[in-house]
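J.: mind looking at a prediction? Sequence and model below.
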Amino acid sequence: MDTVDATVKRLREQCLSRGASGIQGLARFFRRLDRDRSRSLDARELQQGLAELGLALDMAEAEGVCRRWDRDGSGTLDLEEFLRALRPPMSQAREAVIAAAFSKLDRSGDGVVTMDDLRGVYSCHAHPKVQSGEWTEEEVLRRFLDNFDSSEKDGQVTLAEFQDYYSGVSASMDTDEEFVAMMTSAWRL
């Protein structure tokens, strides 16, 4: 385990021990670290915040952590990047049920869920906004797909994006049984 992984593990444990077990708790913790209210953390803010938790890092280590977690190349961590890094790893049971749900959506079997795939498994005609004429069925499908898509919203959802979405849901559920039951019911697996 390298220094960054060890830091993530210690930070996750600290957050959990302080009651920040859910997404809201971690978001509150993030806002507390964001001293300049920029809605992102730079290496200095991260270093100072971790020091308050007893996790002393030198600036080079804090910069390394930021580089590892920074997915958009901004040089800082936004809330989504921060939450993604702190989510606990999922068990095999959780990963398997997520893969099963994805496979159900991926009607073409090409490893990418598109609006065409959704048309075969998600009916929009009874959606209240379709019935009122406010949205078309196409808009409902797009918005549904956007829930799972990355921030780029390209109209295609990969298994990795689907897993990423559900890793956030998983973090708020205590047991594998509870998570598997929720997924099984939601996706009629």
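T.: Right, received. Where do you want to start? Numbering: from 1, shown residues only.

J.: so Ala100 sits against Arg188, correct?
T.: No: counting by C-beta atoms under 8 Å, Arg188 is not a contact partner of Ala100; they are 10.7 Å apart. In short, each C-beta sits where N, CA and C put it, glycine included.

J.: Pro88: which element?
T.: Per DSSP states H and E, Pro88 falls between elements, in no helix or strand.

J.: my bad, Ala160
T.: helix 159-170.

J.: ok now that helix, how far from the chain's centre?
T.: Remark: helix 159-170 is offset 6 Å from the chain centroid, using C-alpha atoms, centre = their mean, to the nearest Å.

J.: repeat that for stretch 2-14.
T.: 18 Å.

J.: repeat for stretch 107-118
T.: When C-alpha coordinates are averaged (C-alpha atoms, centre = their mean), stretch 107-118 and its chain have centres 21 Å apart.

J.: pLDDT of that stretch, averaged?
T.: Average pLDDT, stretch 107-118: 92.

J.: list phi and psi for the closest residue to Glu137 other than its chain neighbours.
T.: Closest residue to Glu137 apart from its sequence neighbours, by C-beta to C-beta, 6 or more residues apart in numbering: Cys124 at 4.0 Å. When quoted as degrees, to the nearest 10, the phi and psi of Cys124 stand at phi -100, psi -10.

J.: how about the contacts made by Cys124?
T.: Residues in contact with Cys124 (C-beta atoms under 8 Å, 6 or more residues apart in numbering) are 130, 137, 140-141.

J.: one more time with 6 Å
T.: Applying C-beta atoms under 6 Å, 6 or more residues apart in numbering to Cys124 gives the contacts 130, 137, 140.

J.: hang on, the earlier thing: in terms of neighbours, single out the busier of Ala100 and Arg188.
T.: A count of neighbours by other C-beta atoms under 10 Å puts Ala100 above the other of Ala100 and Arg188, at 14 against 8.

J.: my guess is the more buried one contacts Ala186. True?
T.: No: the criterion here is C-beta atoms under 6 Å, and Ala100 misses it with Ala186 at 11.5 Å.

J.: sorry, back to before: so how far is Glu61 from the residue nearest to Glu137?
T.: To Glu61, Cys124 is 49 Å away according to C-beta to C-beta, to the nearest Å.

J.: for Phe148, same thing?
T.: With distances taken as C-beta to C-beta, Phe148 is found 34 Å from Glu61.

J.: quick check: what element follows the helix holding Ala160 along the chain?
T.: Moving toward the C-terminus from helix 159-170, the first helix or strand encountered (DSSP H and E) is helix 176-187.

J.: what is that following helix packed up against?
T.: Counting contacts by 3 or more C-beta pairs under 6 Å, 6 or more residues apart in numbering; DSSP states H and E, helix 176-187 is packed against helix 92-105.
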